[in-house]
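Asks: Need the 3D shape of this:
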Amino acid sequence: MRMEMRMRIRSVGVALRFAESVLLAPGQRHARSNAWAAVCENRRYAADRRHDDAVAAGTTVDAAGARPVRR
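Replies: Modelled structure (predicted):
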C-alpha cells in the first residue's frame, strides 16, 4: 500500500511560504533561543544598573526594584 501525502497549494506565494517554513524551521528555533538569551541578559544588566545607580545616589532599591528607599 502506497501512502501519498498530497497538499493542495493555492498559489505560488503559499508554496514559497511552506517551503521556507520547512527549510528554515531549525534556524528560526535557534534564532528565537538566541533572542530570548539576549532578553534575559539585558534584564540582568538593567537590574545591575538600577542597583549601581541607587548605590551611587545613596539609596537602596527594594526587592521589586520599584521605589528607592532612602536610609
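
Asks: Any regions of this protein where pLDDT drops low?
Replies: Applying pLDDT under 70 to the chain picks out residues 1-7, 9, 60-71.

Asks: Can you list the residue ranges for strands in it?
Replies: Here the chain has its strands, by DSSP state E, at 59-61, 68-70.

Asks: gap between stretch 18-27 and the chain center?
Replies: Relative to its chain's centre, stretch 18-27 lies at 19 Å (C-alpha atoms, centre = their mean, to the nearest Å).

Asks: Hmm, I typed the wrong one, I wanted stretch 20-36.
Replies: With C-alpha atoms, centre = their mean, you get 12 Å for stretch 20-36.

Asks: what sits up against it?
Replies: Applying C-beta atoms under 8 Å, 6 or more residues apart in numbering, stretch 20-36 turns out to have no external contacts. To be clear about C-beta, it is placed using only N, CA and C from the backbone, and glycine gets the same treatment.

Asks: And for Asn42, the neighbour number?
Replies: Residues lying near Asn42 (other C-beta atoms under 10 Å) number 10.

Asks: do Arg29 as well
Replies: 10.

Asks: same deal with Ala57?
Replies: Neighbours of Ala57 using other C-beta under 10 Å come to 11.

Asks: Could you do Arg32 as well?
Replies: Residues near Arg32, counting by other C-beta under 10 Å: 10.

Asks: What separation do you get for it and Leu24?
Replies: 12 Å (C-beta to C-beta, to the nearest Å).
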